[in-house]
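*Asks:* My questions concern the predicted model and sequence given below.
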Amino acid sequence: MSIPFPANPVVWAAIDSYMKRAYDGMPPASVRVRLDVLHSQPPEVFQECKVFEKDTHLPPNRYSLRLGNRAYPHMKLTIERINEDSDFFFKADTHDRHCCPRPESPEYHAFLSLMEANEALSKQIESEWVAAGIPTFREFLRDDLARRQNATRTSA
Amino acid sequence: MASQPEALVVDDDEDMNRMMGAYAELKGFTYRSAKTGQGGLDEVRRSAPAMVLLDVMLPDVDGFEVCRQLKSDEQTRSVPVILITALTDAVSRGRGISAGADDFITKPFDPNRLMACMDHHRGGDEPKK
């Protein structure tokens, strides 16, 4: 049986945490509109809301909400899973690697600084999620690795 | 006694790089890392590992191009390259196949799938030194 999409309060807790870290004050109008649309979505079809960018898998394995941050408008909150039998994980997706200029470009070093800032923000957000019990892929891997390493040590 | 095979992980996300390295160690590999595409190319040319786990999204040379260069070089083409990507669309997969990738892992990945992939490709041809 397919694992259900995270409950609305969990998604909203993740969004609230993201927004507090991503912006000093009011977010841009485009982001406010997206969140207003999501607020107005009936809870029973929450994940079908048009503000989520979905992958092509049916049912989707990835839902992304473009929330941006104070310096970069394309960062996303992503809710994704490995497959239909897996839990969903939350990710603060910097979504910047694909548009990094070539190293010979005059904009390269400025963009690297932006990517570093995005990465630091992503880690802050995901740390707060972990502290709040919101599942992330990184934490899932840490737990899985610790379990496997303990099993290896025990059997040695 | 035969030395342990090496897995080179190329990923600019240090945390993810270390964790993939830890999975490789659980499968009996020693772990080397690179944080950039060029760094990955340099590492393979310096000493060919038994396998490369290569993230597609890198800050300089992307993983497709790194793979293409490794597979077009007589000295490195036999090294299995596993592309790690968040991209699932057919075009991206086609780019990976064109570049000569031996396998794909899509993020978020199933650790069992990653480890099975390591098992599958560890039996490949001995890389040329």
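*Replies:* Thanks, I have the structure now.

*Asks:* Contact residues of chain B facing chain A?
*Replies:* Counting by CB under 8 Å from any CB of the partner chain, chain B comes close to chain A at B:12-13, B:15-16, B:19, B:22-23, B:26, B:57-60, B:88-89, B:107-111. Quick note: C-beta positions are derived from backbone N, CA and C, even for glycine.

*Asks:* Okay, buried residues for the lowest-mean-pLDDT helix or strand in chain B please.
*Replies:* In chain B, no helix or strand scores lower on mean pLDDT, DSSP states H and E than helix B:90-99, which sits at a mean of 82. Neighbour counts over helix B:90-99 (16 or more other CB atoms under 10 Å in any protein chain shown) mark B:92-93, B:95-96, B:99 as buried.

*Asks:* Just checking the distance from that helix to the centre of its chain.
*Replies:* Here helix B:90-99 is found 15 Å from its chain centre; the criterion is CA atoms, centre = their mean, to the nearest Å.

*Asks:* is the host helix or strand of A:Thr78 anywhere near chain B?
*Replies:* Remark: A:Thr78 resides in strand A:76-81, with elements defined by DSSP states H and E. Yes: contact of strand A:76-81 with chain B (CB under 8 Å from any CB) involves A:80-81.

*Asks:* Partner strands of that strand, with direction?
*Replies:* Strands that pair with strand A:76-81, judged by DSSP bridges, come out as strand A:62-66 (antiparallel), strand A:88-93 (antiparallel).

*Asks:* could these go into TSV alongside mean neighbour count and mean pLDDT?
*Replies:* Compiled in TSV, the strands paired with strand A:76-81 are given as follows (neighbours: other CB atoms under 10 Å in any protein chain shown; pLDDT from 0 to 100):
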stretch	mean neighbour count	mean pLDDT
strand A:62-66	21	96
strand A:88-93	24	96
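
*Asks:* now residue 25, what's its secondary structure?
*Replies:* I'll assume chain A. coil (DSSP: H, G, I helix; E, B strand; the rest coil).

*Asks:* For it, grab the count of nearby residues.
*Replies:* 5 (other CB atoms under 10 Å in any protein chain shown).

*Asks:* Not counting residues beside it along the chain, what's closest to residue 6?
*Replies:* As the question left the chain open, I've gone with chain A. Spatial nearest neighbour of A:Pro6, excluding adjacent residues (CB to CB, 6 or more residues apart in numbering or on different chains): A:Phe88 at 5.4 Å.

*Asks:* Chain B is the one I meant
*Replies:* Nearest non-adjacent residue to B:Glu6 (CB to CB, 6+ apart): B:Pro49, at 4.0 Å.

*Asks:* just A:Gln41 next, same as before
*Replies:* A:Cys49 (4.2 Å).

*Asks:* and the one you found, what does it touch?
*Replies:* By CB atoms under 8 Å, 6 or more residues apart in numbering or on different chains, the contact list for A:Cys49 reads A:37-38, A:41.
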